[in-house]
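Participant: Build me a model from this:
(2 chains)
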Amino acid sequence: MMTSNSLVYLIALPLAGAVILLLSGRRSDKWGHLLATALSASSFFVGLYQLSLMLDRTNEERPITQKLFEWISVGTFKIDAGLLLDQLSICFVLLITGVGTLIHIYSISYMSHDPDRRRFFAFLNLFIASMLLLVLGDSYLNLYVGWEGVGLASYLLIGFWNQKPAYATASKKAFVMNRIGDMGLSFAIMIAFATMGTVSFTGVKAAAEQTSTAALTGIGIMLLVAATGKSAQFPLQAWLGDAMAGPTPVSALIHAATMVTAGVYLITRSNFIFDAAPTAQLLVVIVGAITLMFGALIGTAKDDIKKALAASTMSQIGYMILGAGLGPVGYAFAIMHLLTHGFFKAGMFLGAGSVMHGMNDEVNMRKYGALRKFMPITFITFGLGYLAILGVPPFAGFYSKDMIIETAFNAGGIKGIILGTVTLLGAGITAFYMTRVMILTFTGTSRWDEEAHPHESPWLMWLPMAILAVGSVTSGYLLSSGDALVNWLSPLFEDHGEHEELLSPIIVSTLALTMVAIGIAFAFIKYSLNEVDEVAPSDVSIFTKIARQDLMQDRFNEAVFMRPGQVLTEVLVKTDEVVIDGAVRGVGRAALGSGASLRGIQSGFVRSYAMLILIGAVALVAAIWVVVQ
Amino acid sequence: MTFTAPALNYTLLSPMLILLGGALIGVLVEAFVSKALRPMVQLSITIGTLVLSLAQVWRIRNEESTTAAMGSVVIDGPAILLQASILIISIISVFLIADTDQFTALAAALPGSDEERHAVQTGNQVTEVYPLTLFAISGMMLFPVSSDLITLFVALEMLSLPLYLMAGLSRRRRLASQEAALKYFLLGAFSSAFFLLGMAYLYGYSGSVTFAGIRESVVGGSGNDVLLLIGIAFVSIGLLFKVGAVPFHAWSPDVYQGAPTPVTGFMAAATKVAAFGAMLRIYYTVFANAEWSWSPLLSAIAIITMLFGSLVAIAQRDVKRMLAYSSIAHAGFLLAGVIALNKAGLEASIFYLFAYGVATVGAFAVVTLVRDSGGEVTDLNRWKGLGKRSPWVAATFAGFLLAFAGIPLTSGFIGKFSIFSAAYENGAKGVVIAGVLASAVAAFFYIRVIVLMFFTDPIQDGTSIEIPSILTRTAISSSIVLTILLGIYPAPLLTMITNFSTFIR
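Facilitator: Numbering: from 1, shown residues only, chains lettered A, B, ... in the order given. Next up is the predicted model:
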């Protein structure tokens, strides 16, 4: 594999920004945000340059590595810190730095009144650097460092306005739920190291063939646990909605476009493990299918625009995970949906931020309405993202989502039919709740608070939205024309021959569009033809009530994790008091009890110390006597 | 009568010669320089000498010779590493020793006598601790590079005698300090006698006092094994006494507690490097072929030492005594490196010695800061809630304790991991199991101190943390930086150790 010396700059540039901004303190308040944006942009250009170099090389020579330093080397236990840039990671590098830079630009204006804007940009740069390390690490251990880094950056950014206790709690919740996922990742690394003796991607890939299926399944399940934590998948999904407490650009960057997709990256990157561990792969599909329905159902009942979008993110990532769980045919489509989703969802989040900006930070969609006329640019860019997520041709989602639905149907047998149906239903519900968001926000009559004076956002905010909207329109076509992305990624995945085709692409698209049309129609009848209440009605069906409570996810967590956890803690405390403290006191008492004899030893008298030495010497000589005899 | 002048390689001996020269100048300074200037001049000379010596070690790092001093001194890779470790640890320690408030104004005066009071009132502070330190360091430098028994013995006494004196220099609790010094001296003399007797047996066995000569006899296997075995046992007693292994450890808690804290730190860290350095050389080269005889005994001593040190440390209420027992436990861990008897074991031991030495000096440096009106407070009960009053100092101490406990991301983890894996490679499974168990027990009392500092409420009894002087601050910060750096990014040092650590014979 070719080596390079310049990969490190991708990470070093934003990292330098974070360090400078954090260390220079108030001095850099005036120019810190500009520096951070410039560094993020330069990282993007380094990425583009690497892409241009990569395009010039043949398939086999495209991956390049850089060894940074020997991290730990003790006997046979050696770990190098190294970077790997291949066809997969370059996609992420460009997404992270590209969308990241746009969101930096947006935040300059969005955060302009915040006294801590410099700190915010420092964290953003820290996030970019960590996320790049995550996708560029050449081993699971290096990935783990980036994985923890984005966790930290996410924690800092969700709780950025930590003067509000609820926000601080939200960041804590995200942190704790992510810990469970991280534990999965560390277990996966441990199993890999114990069974294969290596944790580098190339090493594990080579060793996977000789490793037992049981071990691979174990690693796969643990990786899946890690992915569910980071990507807010069932059953570790509950933190994402609360994470919306962070500033909106953060939601767009971290909780829509990049960090939450790390789980998809992890699974795609570990394709060699999942391909050899069918059980783990099946679990991936199941988790994806459950989450995509789960997220979509929650999305139908949310009045908070950001939480509705968060539920939608959860659901869309469910599609990606499901795609990645379908094996070699699905990986490329999962990545494609990830990239297109990065455009349209980031765009819609920024649109939501723009709406909130004009509406005194109001997030309740029941207090919006008729904003179309006052925020035309936001309306158009948001609308393009809306069409993209629905999968209306020729917008981006049409290409990527339909491919996943099609692949799901073609998975074969009853499995294919179930998965296909779930993805189709999901598409319909998506259409319903996204149309609901559109109608409540932009059309109908105004239901604003009295002091609201909606206005279009400044150009620094709408420019990134416009660029992302262009991406929402074109990215799907660009990535799929001539199977560009599929061919680009194909050297990484081992495809096992032809696949049966249950339904032809035309039929799948027709079915999907029909579902979308039904979803739109329902939403239209319910919210456009009828009056929308300013306060959420309480005489609703039991299903709506459940959906409003996030399908009882917090109750579920309380019942399944928290209560038993509390009981366990109480038992442990009792055990600690009685058994362990008892034992310790026992040891202490034994030590003190033998303290009489021990004190006899440590008497302070030189003569007894000398005696001890003499006894030791005699014992040694006696032992030698035994050895010699 | 003809007289042949000895052929000395002054370049290779220069690190030690520089120290001796600096020490002699220090004696003259003590006699002739006015008392106002003395502390400053002495400190500059001492630090200057140490840095010069370190630079000289660095210059000769690629040289190897068995004939630096007529076959009495050997210079090779491990020698360079050990000498450099001793010098670096000593430099950090001297920053602490520079705090004259720790030392008695006039060591020759009886405790509580008029002379002492007079000396204190007139500010007539003697500073003989500096030349003594330099003499001790030169002995420590010579100890691991000696290649015959006579030189080894001279080096042992050279490093011990100044330490006996230094242990008695405490300004407060002078009687306890002098008692400690006397105990250390008497027991040291006792163990030296064993050591000498062992030398005699080895001479009787091989007819030679040089390491090369003895090794030839061991390899040839022609001599009387009983003489060899008793020789090994008695020489080992001398060495095990210096490192504080059970049952030759009894002096260390008393001496650690009684000696002035900077001296305790210096003694605990640098003496261990020197003594284990010599031990590694002797066992790895001279006695290597008689492994069958000493390995089981040393394993037994290692296991007892680890477990005893860790268990008794739990019951300690005094921070210096706790650290003393912890150092006993660490002596046990280090013995695992001797037992490993392979290149990995040598590398691991050298890394461990350096990492442990640095953390130890740092930990004792923090101990010097916790005071009340009567001097240092070493009662652990009065350390309660220290983390709330001085979070930085307490956090630093916690860092050192975590390193002692061998928690990942500190130097202690890398050290323990590598030393146990080396011993495991050589089949010393019992030692490794005992080591891991003892580490778990040890982690308990280290972490208990952290809990004490951070999670209990402070008691108001006048205990406070002294604002560290710039010297102490340098010592503490360089120790903690090294401790964490060696935990996060140990690769450069490990690589260097790998490249250097082969004994020449």
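Participant: quick one: which helix or strand includes residue A:308?
Facilitator: helix A:305-325 (DSSP states H and E).
Participant: and what of residue A:68?
Facilitator: Residue A:68 belongs to strand A:64-74, assigned by DSSP H and E.
Participant: Tell me if stretch B:181-200 is near chain A.
Facilitator: Yes. Residues of stretch B:181-200 contacting chain A under Cβ under 8 Å from any Cβ of the partner chain: B:182-183, B:186-187, B:190-191, B:194. Where C-beta positions appear, they are placed from N, C-alpha and C, glycine not excepted.
Participant: Can you pull out the residues in contact with that stretch?
Facilitator: A:606, A:609-610, A:613, A:617, B:149-150, B:153, B:156-157, B:160, B:163-165, B:167-168, B:209, B:230-239, B:241-242, B:248, B:250-251, B:254-255, B:258-259 (Cβ atoms under 8 Å, 6 or more residues apart in numbering or on different chains).
Participant: make it 6 Å
Facilitator: A:606, A:609-610, B:149, B:160, B:164, B:167-168, B:231, B:234-235, B:237-238, B:241, B:251, B:254-255 (Cβ atoms under 6 Å, 6 or more residues apart in numbering or on different chains).
Participant: Which of those fall within strands?
Facilitator: Judged by DSSP state E, the subset of those located in strands is empty.
Participant: Tell me which of these fall in helices.
Facilitator: Counting by DSSP state H, those place A:606, A:609-610, B:149, B:160, B:164, B:167, B:231, B:234-235, B:237-238, B:241, B:251, B:254-255 in helices.
Participant: Who wins on neighbours among the residues you listed?
Facilitator: residue B:255 (29 neighbours; other Cβ atoms under 10 Å in any protein chain shown).
Participant: what residues are up against that one?
Facilitator: So residue B:255 contacts B:167, B:180, B:184 (Cβ under 6 Å, 6+ apart).
Participant: ok but the second one is inside a strand, no?
Facilitator: It refers to residue B:180. No. Going by DSSP: H, G, I helix; E, B strand; the rest coil, the assignment for residue B:180 is helix, not a strand.
Participant: Could you check how many residues crowd around it?
Facilitator: 26.
Participant: Next one: it from chain A, what distance?
Facilitator: Going from residue B:180 to chain A by Cβ to the nearest Cβ, to the nearest Å gives 10 Å.
Participant: Which pLDDT value goes with that residue?
Facilitator: pLDDT, residue B:180: 90.
Participant: hang on, isn't it packed against residue B:254?
Facilitator: Yes. Contact criterion Cβ atoms under 6 Å: residue B:180 and residue B:254 qualify, at 5.5 Å.
Participant: burial measure for residue 8, as a count.
Facilitator: Let's take chain A. Neighbours of residue A:8 (other Cβ under 10 Å): 15.
Participant: That was the other one, I meant chain B.
Facilitator: 15.
Participant: show me what contacts residue B:350?
Facilitator: Contacts of residue B:350 (Cβ under 6 Å, 6+ apart): B:81, B:497, B:501.
Participant: can we see that at 7 Å?
Facilitator: When contacts are counted by Cβ atoms under 7 Å, 6 or more residues apart in numbering or on different chains, residue B:350 touches B:78, B:81-82, B:497, B:501.
Participant: what's the closest non-adjacent residue to the residue nearest the centre of chain A?
Facilitator: Central residue of chain A (Cα atoms, centre = their mean): residue A:260, 1.8 Å from the mean position. Nearest non-adjacent residue to residue A:260, counting by Cβ to Cβ, 6 or more residues apart in numbering or on different chains: residue A:231, 5.1 Å away.
Participant: what about that neighbour, neighbour count?
Facilitator: The burial count for residue A:231: 29, using other Cβ under 10 Å.
Participant: likewise the one 5 residues further on?
Facilitator: Using other Cβ under 10 Å, residue A:236 is surrounded by 26 other residues.
Participant: And the pLDDT for it?
Facilitator: Residue A:236 is given a pLDDT of 80.
Participant: and it, what does it touch?
Facilitator: A:177, A:180-181, A:228-229.
Participant: For residue 434, which residues are in contact?
Facilitator: In the absence of a named chain, this looks at chain A. Residue A:434 neighbours (Cβ under 7 Å, 6+ apart): A:312, A:386, A:389-390.
Participant: not what I meant, chain B
Facilitator: B:303, B:306-307.
Participant: Which strand or helix spans it?
Facilitator: Applying DSSP H and E, one finds residue B:434 within helix B:429-455.
Participant: swap in residue A:202?
Facilitator: Going by DSSP H and E, residue A:202 is part of helix A:201-208.
Participant: Please apply the same query to residue A:195.
Facilitator: Going by DSSP H and E, residue A:195 is part of helix A:165-196.
Participant: same for that helix, what does it pack against?
Facilitator: helix A:140-158, helix A:201-208, helix A:213-230, helix A:239-242 (3 or more Cβ pairs under 7 Å, 6 or more residues apart in numbering or on different chains; DSSP states H and E).
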